[in-house]
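S.K.: Attaching a predicted model along with its sequence, questions to come.
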Amino acid sequence: MAIVTVVRYKRRKLIGDKDSPQVYSLRPKCGDAKVYSIEALAKEIESIGSLSAEDVTHVMKSFVRSMKRVLVDGNRVKVDGLGTFYTTLTCPGVEVEKDCTVKSITRVNLRFKVDNSLRLVNDSTASTRGAENNVVFALASEVKDSSGEGGEEGGGEAPDPTL
């Protein structure tokens, strides 16, 4: 099971409010996440299955083209085990009905609602440890003392495996 490294950071509880109290929060460590292309995913799929990377790449590119066409028509795309893709729009409210036209639409968004079978769970708080959808998080060391020991700000503990 892979471990996602997170770091503590300090911010205002209400971000835009200068009078808001300071709080600590966690976020994924910058630079740790990789971006996978269709080709990289195809190579991974090739290594665990019987399809060639070229076949997987072709199917995935065809899937993206077809999905765009379906979404542009105003429909939803449900991918079993992954989730549902759909579009929404942003339109400011107006007081007069005749002023509410398609020219009022300021933005079209692509949204994604995750499938329940894909929902990820924090392994350290999950009722079933080591389940398929559990994610292990580890707090990264932020500051090292002069001896090179891991004296980090707020303590950089990893999850306790005995829990």
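M.R.: All right, it came through fine.
S.K.: which helices and strands sit right next to the biggest strand by length in the chain?
M.R.: Longest strand of the chain, by residue count under DSSP state E: strand 3-12. With contacts taken as 3 or more C-beta pairs under 8 Å, 6 or more residues apart in numbering; DSSP states H and E, strand 3-12 sits against strand 22-28, strand 134-139. Placement of C-beta: from N, CA and C, glycine included.
S.K.: can you list contacts of the longest one?
M.R.: Applying C-beta atoms under 8 Å, 6 or more residues apart in numbering, the set of residues contacting strand 22-28 from outside is 4-13, 137, 139, 154.
S.K.: what mean pLDDT does the helix or strand that comes right after it have?
M.R.: Moving toward the C-terminus from strand 22-28, the next helix or strand (DSSP states H and E) is helix 38-48. Across helix 38-48, pLDDT averages out at 93.
S.K.: Could I get the buried residue list for helix 38-48?
M.R.: By 16 or more other C-beta atoms under 10 Å, the buried positions in helix 38-48 come out as Ile38, Ala42, Ile45, Glu46.
S.K.: Let's have those in JSON lines, adding distance to Val96.
M.R.: Listed next are those as JSON lines, based on distance: C-beta to C-beta, whole Å:
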{"residue": "Ile38", "distance to Val96": "47"}
{"residue": "Ala42", "distance to Val96": "53"}
{"residue": "Ile45", "distance to Val96": "54"}
{"residue": "Glu46", "distance to Val96": "58"}
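S.K.: of all those residues, which comes closest to Leu89?
M.R.: Nearest to Leu89 among the buried residues of helix 38-48: Ile38, at 27.9 Å, using C-beta to C-beta.
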